[in-house]
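Visitor: take a look and give me a structure for this.
(2 chains)
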Amino acid sequence: MKYSIRAPLTKEITCNLKAGDTISINGYIYAARDAAHKKMIELLDEGKELPFDIMDQIIYYVGPCPAKPGAIIGSAGPTTSSRMDAYTPKLIQHGLKGMIGKGLRSKEVIDAMKAYSAVYFGAIGGAGALIAQKIVSEEIIAFPELGAEAIRKLTVEDFPVTVIIDCHGNNLYDIGKNKFRKIN
Amino acid sequence: MRTIHIDQIVKTIEQLCIDANYYINDDIMEELNKALKTEQSQIGVDIIQNLIKNALMAKERKIAICQDTGMAVVFMDVGQDVHIVGGNLIDSINEGVRKGYENGYLRKSVVGDPIERVNTKDNTPAVIHFNIIEGDRIKISVAPKGFGSENMSSIKMLKPSDGIEGIKKFIIDTIDIAGPNPCPPIIVGVGIGGTMEKAAILAKKALLRPINKRNDLNHIKEIENDVLKKINMLGIGPSGLGGRITALAVNIEVFSTHIAGLPVAVNISCHATRHADATI
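Guide: So this is what the prediction gives:
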């Protein structure tokens, strides 16, 4: 199915999405990757607040290029999600509802997604120039010292993703591969 | 003896960093267009179309093809009759990278120490491979390498008795494990022979070869063709969402090795497999 959804999400939205659905996201999402995840988990471990309210939010795993003069943001495609696996279950427990990235997730992440009705979206790896055109505003909200890895609030319009793993644990990577596999 | 000033090296490397990150090479664009016709998955076709659009947009707007503008890998083939003047050669290579990444609005993705992990903020140092060749010129190749694909690469010290079948199995297993992570459709660089580090460097060099050109040695060409065919039966497909086109090419380079060994390195690279070169 094709849907247009608004971010932040609600449990009602995430529970309706199925692996393989193509989605346009409108609204705002947060950009965070390796170093920012490490820092967020350190804050939670110290009993401190996260730099933004994570309840019902989507995190996009991205470290964009610098914007050229006149542009909003540089190329901004997804990075490999599995490097965030160690930190993700805890963020899901704190309310994170959606993740945008590329590549495989761990069993622990998928279990947490099922328990808390979160969803994993895939964006096209390697299409960062194209994807950047769907980002209409960018604001660094935390850890500016991390440069490309700082946490950013991004406003997106018709941001194209595919549901890879839904909140029931159905996984498009397995479904798609099995359909076309001709070798063992 | 011919004299080359380091200013020329700095300028050349600056431009190569920018060109490699903005412009996909023609051989890859051709194979992407061919792949549109052979891909059987509709979502796979859509993804390849988007990758082509992405490349055209990057070229037109002069922006990076991908936000991971990589760690700069620089191959320096230095003629033995060249005399370099004006300063330190390695410093000049890094200065070229620094300027290229700054002036090209490319992302700075390098951390100074692998444990402490503090960003150097200028994408230096580069990984530099020197080679001394005949003549009085320097051939410089810049190949920015993203780590989505680099992280899924692998090296194995096979036994001679593992033979061709062992080599093929290791390459195919490496791609199967990588799955969607390295942004398929991928290009597979393979180094066979030498020592451990030689095989790895051969695999990296294999990625510089145009992807429509097979190895000159017939028995290696046969491995390239057979492994590509089998990789494209894995079903991984564009973006890993299922399909026929998991890899666009398998490029293998070989070198003599020890009686006891059969090192095989598999360096995975994304569809863009960026590289630009110049001779000065």
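
Visitor: from the middle of its chain, how far away would the lowest-mean-pLDDT helix or strand in chain A be?
Guide: Least confident helix or strand, chain A: helix A:11-16 with a mean of 89, by mean pLDDT, DSSP states H and E. On the basis of CA atoms, centre = their mean, to the nearest Å, helix A:11-16 sits 16 Å off its chain's mean C-alpha point.

Visitor: okay, that helix in CSV with CA atoms only?
Guide: Only the C-alpha atoms of helix A:11-16 are listed here, as CSV (Å, rounded to 0.1, in the frame of the first residue of the first chain):
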residue,chain,number,x,y,z
LYS,A,11,0.8,4.0,18.0
GLU,A,12,-2.3,3.9,15.7
ILE,A,13,-0.3,4.9,12.7
THR,A,14,2.7,2.6,13.3
CYS,A,15,0.4,-0.5,14.0
ASN,A,16,-1.3,0.0,10.6
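
Visitor: buried residues, stretch A:43-55. List them.
Guide: Going by neighbour count (16 or more other CB atoms under 10 Å in any protein chain shown), the buried part of stretch A:43-55 is A:L44, A:L50, A:P51, A:I54. C-beta here means a position set from N, CA and C on the backbone, and glycine is covered the same way.

Visitor: likewise for stretch B:197-216?
Guide: Those would be B:198-209, B:211, B:214-215, for stretch B:197-216 by 16+ other CB under 10 Å.

Visitor: how far off centre is that stretch?
Guide: In this view, stretch B:197-216 has its centroid 8 Å away from the chain centroid, taken as CA atoms, centre = their mean.

Visitor: close to chain A, is it?
Guide: No: Stretch B:197-216 is not in contact with chain A by CB under 8 Å from any CB of the partner chain; minimum separation 15.2 Å.

Visitor: what does the host helix or strand of B:A58 contact?
Guide: B:A58 is located in helix B:42-61, with elements delineated by DSSP states H and E. Residues from elsewhere that reach helix B:42-61 (CB atoms under 8 Å, 6 or more residues apart in numbering or on different chains): A:68, A:75, A:124, A:126-130, A:133, A:162, A:176, B:22-24, B:29, B:32-33, B:35-36, B:39, B:63-65, B:185, B:237-239, B:241-245, B:271-272.

Visitor: again, but for stretch B:205-213
Guide: Against stretch B:205-213 from outside (CB under 8 Å, 6+ apart): B:25, B:27-28, B:30-31, B:75, B:141, B:143, B:187, B:189-191, B:248-249, B:251-253, B:267, B:269, B:273, B:275, B:277.

Visitor: so which residue of the stretch 101-250 of chain B comes closest to chain A?
Guide: Proximity of the stretch 101-250 of chain B to chain A (CB to the nearest CB) peaks at B:G242, 2.3 Å away.

Visitor: what's around the residue lying closest to that residue once chain neighbours are set aside, how many residues?
Guide: In this structure, B:G242 finds its nearest non-sequential neighbour in A:G176, 2.3 Å apart by CB to CB, 6 or more residues apart in numbering or on different chains. Here the number of neighbours of A:G176 (other CB atoms under 10 Å in any protein chain shown) works out to 27.

Visitor: show the contacting residues for A:G176.
Guide: B:S41, B:I43, B:G235, B:G237, B:G240, B:L241, B:G242, B:G243.

Visitor: hang on, it in a helix?
Guide: Yes: when classified by DSSP: H, G, I helix; E, B strand; the rest coil, A:G176 is found to be part of a helix.

Visitor: next one: it, what pLDDT does it get?
Guide: At A:G176, the predicted lDDT confidence score is 96.

Visitor: returning to what we had before: in strands, which of the contacts of helix B:42-61 fall?
Guide: Among these, the members found in strands (DSSP state E) are A:T162.

Visitor: from the contacts of helix B:42-61, which land in helices?
Guide: Members of these lying in helices (criterion: DSSP state H): A:G128, A:A129, A:L130, A:G176, B:Y22, B:M29, B:L32, B:N33, B:A35, B:L36.
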